[in-house]
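> got a sequence here, can you model it:
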Amino acid sequence: MTAIKHALQRDIFTPNDERLLSIVNVCKAGKKKRNCFLCATVTTERPVQVNVVKVKKSDKGDFYKRQTAWTLRDLAVVDAKDAVKENPEFDLHFDKVYKWVASSTAEKNTFISCIWKLNQRYLRKKIDFVNVSSQLLEESVPSGENQSVAGGDEEAVDEYQELNAREEQDIEIMMEGCEYAISNAEAFAEKLSRELQVLDGANIQSIMASEKQVNILMTLLDEALKEVDQIELKLSSYEEMLQSVKEQMDQISESNHLIHLSNTNNVKLLSEIEFLVNHMDLAKGHIKALLDGDLASSRGIEACTNAADALLQCMNVALRPGHDMLYAVKQQQQRFSDLREQFARRLASHLNNVFVQQFTQTLLQLYNRSYYLSVSGYDQSSTLAQHSIELTLPNHHPFHRDLLRYAKLMEWLKSTDYGKYEGLTKNYMDYLSRLYDREIKDFFEVAKIKMTGTTKEGKKFGLHGSSGKLTGSTSSLNKLSVQSSGNRRSQSSSLLDMGNMSASDLDVADRTKFDKIFEQVLSELEPLCLAEQDFISKFFKLQQHQNMPGTTMSEAEELDGGTLSRSYNSGVPQAISSEKDMIRQMMIKIFRCIEPELNNLIALGDKIDSFNSLYMLVKMSHHVWTAQNVDPASFLSTTLGNVLVTVKRNFDKCISNQIRQMEEVKISKKSKVGILPFVAEFEEFAALAESIFKNAERRGDLDKAYIKLIRSVFINVEKVANESQKTPRDVVMMENFHHIFATLSRLKISCLEAEKKEAKQKYTDHLQSYVIYSLGQPLEKLNHFFEGVEARVAQGIREEEVSYQLAFNKQELRKVIKEYPGKEVKKGLDNLYKKVDKHLCEEENLLQVVWHSMQDEFIRQYKHFEGLIARCYPGSGVVMEFTIQDILDYCSSIAQSH
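Prediction:
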């Protein structure tokens with residue numbers, strides 16, 4: 001190993017100005033054993049740098065090469081694996097962990113000991129040695145070659161001291177003064193030695209000469225020491241006095257601290273007591289109000305309200321930690337609980353009594369009114385009509401005003417005893433639902449009586465004087481439908497008679513009366529429901545969340561299906577708050593009879609006159625729209641929306657019935673047709689609908705109904721015209737489509753513009769067809785003659801050569817013309833006028849229009865004949881025996897004579 005070390009020092013480290021201090025033969029753990037050497041080196045130049053170098057023997061020759069070097073500063077941990085047992089393995093932690101196995105444990109220990117010494121000398125113990133025996137680190141490395149190398153070299157490093165610049169300059173001056181300083185070093189050394197001895201002697205003599213001064217200095221030093229001792233004694237006494245003062249100050253400070261602590265505790269205790277007294281002390285006046293306060297007077301209610309609020313504040317005070325453990329606090333809380341329970345029980349009992357009293361008084365008034373109306377000798381229906389009982393609902397404002405005084409107490413009860421609050425809510429709903437049932441039913445009884453009147457006709461719709469009630473059940477309405485339908489069918493086959501009562505039985509005034517009554521019913525119900533809902537919200541402290549600004553609700557209806565669907569804007573929240581839902585549930589229970597009563601009233605109005613569904617649709621739509629603008633999810637909006645569905649279905653049913661009755665209409669085979677009944681009734685329906693739906697929100701429903709009705713009218717007019725035996729088809733089509741065109745032109749219905757043009761076209765087409773068909777060939781033989789002339793021309797004979805044909809010469813033409821003198825022509829036209837007059841109806845007044853068209857057609861034929869004579873028989877002098885003027889005179893005289 002010594003030889004290897006010298007070889008490494010000579011070949012590798014000396015050229016790099018490094019000294020090798022320790023070496024260990026190692027191989028990598030766990031792999032194929034390829035030996036190498038780990039060397040600990042230091043640089044010869046300052047500052048000294050310590051390295052750990054890995055040296056490997058070359059494979060091709062017997063020499064070594066430097067492979068890897070790490071600075072000792074990068075070494076973090078040296079792990080010897082086992083501090084007790086001998087183990088050649090060890091780890092060095094540089095940038096990563098390097099695992100080595102030494103050739104012997106002694107070499108490993110020597111190398112680790114060298115690393116430890118270098119760490120102590122140059123790195124100030126920065127490296128961490130793990131699993132290394134403390135004895136190995138504390139003791140010297142065993143004697144041997146490695147020791148001599150490590151120790152001797154380190155001592156040499158310690159003894160070496162570099163000359164500074166001044167020392168180098170002095171040596172150079174000294175050497176320049178001696179000629180043989182370089183050539184004879186021994187003589188130069190002896191000279192220096194002699195000079196040094198001379199200097200040492202002079203130095204000793206100087207010291208001996210200054211002994212006296214030294215003695216004087218020593219004497220002064222002794223006196224100074226004595227003074228120092230005296231000063232130390234004084235300082236000691238002063239220190240004892242200061243220590244006594246310090247002890248006294250410490251006692252005073254501790255005493256002050258205890259006093260301050262006591263004062264702080266007293267302040268905190270006073271603060272806690274004041275907090276409890278201020279927040280948990282209920283005034284005697286409040287206690288008296290809670291126990292014995294008058295809940296009937298306004299002053300007493302106000303006192304009880306203030307006391308209840310004070311009690312609630314005392315009970316809800318946020319106690320600080322530890323307060324709930326105080327006996328006085330527990331006692332006060334129990335007292336508050338007892339007061340709350342007693343007052344809640346007293347308040348609930350009083351409000352229940354108020355509900356019962358109000359219900360009893362109002363119900364008694366209703367019974368007194370009913371008793372007055374049912375006195376012996378009076379029939380209720382006639383009495384109501386004769387005395388003109390107002391169609392109004394009782395006003396509950398005084399009752400609400402009285403109860404609203406308790407609103408704050410109800411809020412207190414809701415937050416403190418929800419069970420009693422809920423019981424009061426149920427009792428209120430129970431009493432009010434029975435009260436409103438009676439009031440609303442009586443209200444609708446009056447409305448039904450006013451609608452039907454007191455005549456026999458009114459009794460036919462369900463009025464019975466003996467009971468004083470209007471029967472509005474479904475069975476009675478169904479019987480009514482059968483009876484009224486049978487009576488109407490027996491009277492006439494017209495559309496109105498089949499679907500509604502005739503105009504003579506129920507005129508516009510009656511329909512207007514129905515409209516006003518229905519509007520009054522809705523106008524009375526709407527403020528009643530809104531007032532009650534507002535009262536419930538305020539009295540029971542239920543928050544009404546209004547819809548967000550900009551929220552709208554659109555309604556889309558399918559006319560043929562009779563359904564109505566509502567879709568809300570996406571800006572509307574789908575989740576409904578529990579309090580809002582509670583308001584709706586209370587309103588549903590309180591006004592549970594409104595929807596069925598409205599449906600019965602609507603059914604009655606529809607049975608009286610199916611056209612009433614138009615009035616009801618407009619009125620109901622307006623009220624639904626108004627309610628939705630206030631609150632789309634309110635009880636009123638929902639209820640009216642449900643009833644609107646029924647009204648819409650009745651409207652659709654009315655339209656469907658009219659279409660069905662158009663299809664079922666039959667005409668007489670013995671009399672002329674004229675204007676068809678359903679055409680006249682469409683005119684009546686359109687005129688009525690336009691007056692009702694003017695500026696209405698649901699104009700779209702009417703436009704859809706118009707389209708269905710007008711298409712059915714067109715189809716069935718053509719159907720009746722095809723089936724007509726007495727009246728020509730063209731006359732039926734011409735007269736009815738002229739009537740339809742006139743109606744649409746007068747009413748100016750924008751959605752029927754296309755149908756108006758179609759009706760005009762059909763009227764024009766059938767007028768022309770009828771004129772041509774009726775006029776036919778009034779000069780028959782003349783027509784046949786000229787048809788032959790036109791045939792010859794068509795065969796290729798020139799027009800001027802036609803007269804040379806035997807059958808069509810001038811003599812034959814004169815013979816035919818002589819058969820039609822003016823007298824015969826006038827006679828034929830007179831017969832034609834009578835025939836047209838027989839076909840046309842009087843109410844449409846189209847006779848002169850048709851006669852004028854026939855005159856124009858006849859003149860057209862006359863001009864055609866004259867043209868043929870001029871072209872085919874030029875210069876013959878043959879002319880007709882009557883002129884166009886004669887034709888005009890004949891037609892005028894015939895029209896005037898009739």
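> which residues sit against stretch 417-425?
If you take Cβ atoms under 8 Å, 6 or more residues apart in numbering as the criterion, stretch 417-425 is touched by 340-341, 344-345, 347-348, 351-352, 410, 413-414, 540, 586. To be clear about C-beta, it is placed using only N, CA and C from the backbone, and glycine gets the same treatment.
> try it again at 6 Å.
Contacts with stretch 417-425, where a contact means Cβ atoms under 6 Å, 6 or more residues apart in numbering, come from 344, 348, 351, 413-414.
> now tabulate these in TSV and tack on secondary structure.
Shown next, in TSV, are those (DSSP: H, G, I helix; E, B strand; the rest coil):
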residue	secondary structure
Ala344	helix
Ala348	helix
Leu351	helix
Leu413	helix
Lys414	helix
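> quick one: low-confidence parts of the stretch 651-800 of the chain?
670-671, 776-778 (pLDDT under 70).
> ah, wrong one, I meant the stretch 51-200 of the chain
In the predicted model, the stretch 51-200 of the chain carries pLDDT under 70 at residues 61, 125, 138-163, 181.
> what about 90?
Counting by pLDDT under 90, the stretch 51-200 of the chain has low-confidence residues at 56-68, 71-76, 80-89, 94-100, 103-109, 112, 115-200.
> all helices for the stretch 701-850 of the chain, in order.
In chain order, the stretch 701-850 of the chain shows helices spanning 729-747, 753-775, 780-794, 810-818, 822-839, 847-872, with DSSP state H, counting those that start in this stretch as the criterion.
> oh sorry, the question was meant for the stretch 251-400 of the chain
For the stretch 251-400 of the chain, the helices defined by DSSP H, counting those that start in this stretch occupy 284-292, 298-315, 327-373, 380-386, 397-404.
> show me the one of these that comes nearest Cys891.
Across the helices of the stretch 251-400 of the chain, Cys891 has its closest neighbour in helix 380-386 (61.9 Å, Cβ to Cβ).
> and which of the contacts of stretch 417-425 is nearest to Trp625?
In terms of Cβ to Cβ, no member of the contacts of stretch 417-425 lies closer to Trp625 than Lys414, at 34.6 Å.
> report pLDDT for that closest one.
As summarised for this prediction, Lys414 has a pLDDT of 88.
> tell me who's in contact with it.
With Cβ under 6 Å, 6+ apart, Lys414 has these contacts: 421, 541.
> regarding the chain, what is its longest strand?
strand 18-28 (DSSP state E).
> tabulate the CA atom coordinates of it in PDB.
Extracted in PDB, the C-alpha atoms of strand 18-28 (Å, rounded to 0.1, in the frame of the first residue of the first chain):
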ATOM      1  CA  GLU A  18      -1.500  18.300  -4.000                       C
ATOM      2  CA  ARG A  19      -0.400  16.200  -1.000                       C
ATOM      3  CA  LEU A  20      -1.900  12.700  -0.400                       C
ATOM      4  CA  LEU A  21      -2.900  12.300   3.200                       C
ATOM      5  CA  SER A  22      -4.900   9.000   3.300                       C
ATOM      6  CA  ILE A  23      -5.900   6.200   0.900                       C
ATOM      7  CA  VAL A  24      -8.300   3.300   0.900                       C
ATOM      8  CA  ASN A  25      -8.800   0.500  -1.600                       C
ATOM      9  CA  VAL A  26     -12.600   0.200  -2.300                       C
ATOM     10  CA  CYS A  27     -15.100  -1.200  -4.800                       C
ATOM     11  CA  LYS A  28     -18.800  -0.300  -5.400                       C
END
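> show me what it is packed up against.
Counting contacts by 3 or more Cβ pairs under 6 Å, 6 or more residues apart in numbering; DSSP states H and E, the secondary-structure elements packed against strand 18-28 are strand 36-43, strand 97-102, helix 105-118, helix 145-159.
> re earlier: relative to Ala696, which of the helices of the stretch 251-400 of the chain is closest?
Ala696 lies closest, by Cβ to Cβ, to one member of the helices of the stretch 251-400 of the chain: helix 380-386, at 31.1 Å.
> related to what we said a few turns ago, least reliable of the helices of the stretch 251-400 of the chain by average pLDDT, please.
Set side by side, those show their lowest mean pLDDT on helix 380-386, which sits at a mean of 40.
> residue contacts, Val356?
With contacts taken as Cβ under 6 Å, 6+ apart, Val356 has no neighbouring residues.
> for Gly875, see how far away it is.
From Val356 over to Gly875 the distance is 120 Å, taken as Cβ to Cβ, to the nearest Å.
> among the helices of the stretch 251-400 of the chain, which is nearest Ile659?
Nearest to Ile659, of these and by Cβ to Cβ, is helix 380-386 at 36.4 Å.
> just the helices of the stretch 701-850 of the chain: most buried one?
With neighbours defined by mean count of other Cβ atoms under 10 Å, none of the helices of the stretch 701-850 of the chain is more surrounded on average than helix 729-747, at a mean of 22.
> which residues sit against it?
With Cβ under 6 Å, 6+ apart as the criterion, helix 729-747 contacts 673, 675-676, 679, 683, 686, 690, 717, 721, 724, 752, 756, 759-760, 762-763, 766-767, 769-770, 839, 844.
> tell me the angle of that helix relative to helix 847-872?
Taking axes from the mean of the first three to the mean of the last three Cα atoms, to 10 degrees, one finds that helix 729-747 is oriented at 120 degrees with respect to helix 847-872.
> could the helices of the stretch 701-850 of the chain go into JSON lines alongside distance to Leu233?
Output for these, formatted as JSON lines (distance: least, Cβ to Cβ, whole Å):
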{"stretch": "helix 729-747", "distance to Leu233": "137"}
{"stretch": "helix 753-775", "distance to Leu233": "134"}
{"stretch": "helix 780-794", "distance to Leu233": "171"}
{"stretch": "helix 810-818", "distance to Leu233": "184"}
{"stretch": "helix 822-839", "distance to Leu233": "163"}
{"stretch": "helix 847-872", "distance to Leu233": "157"}
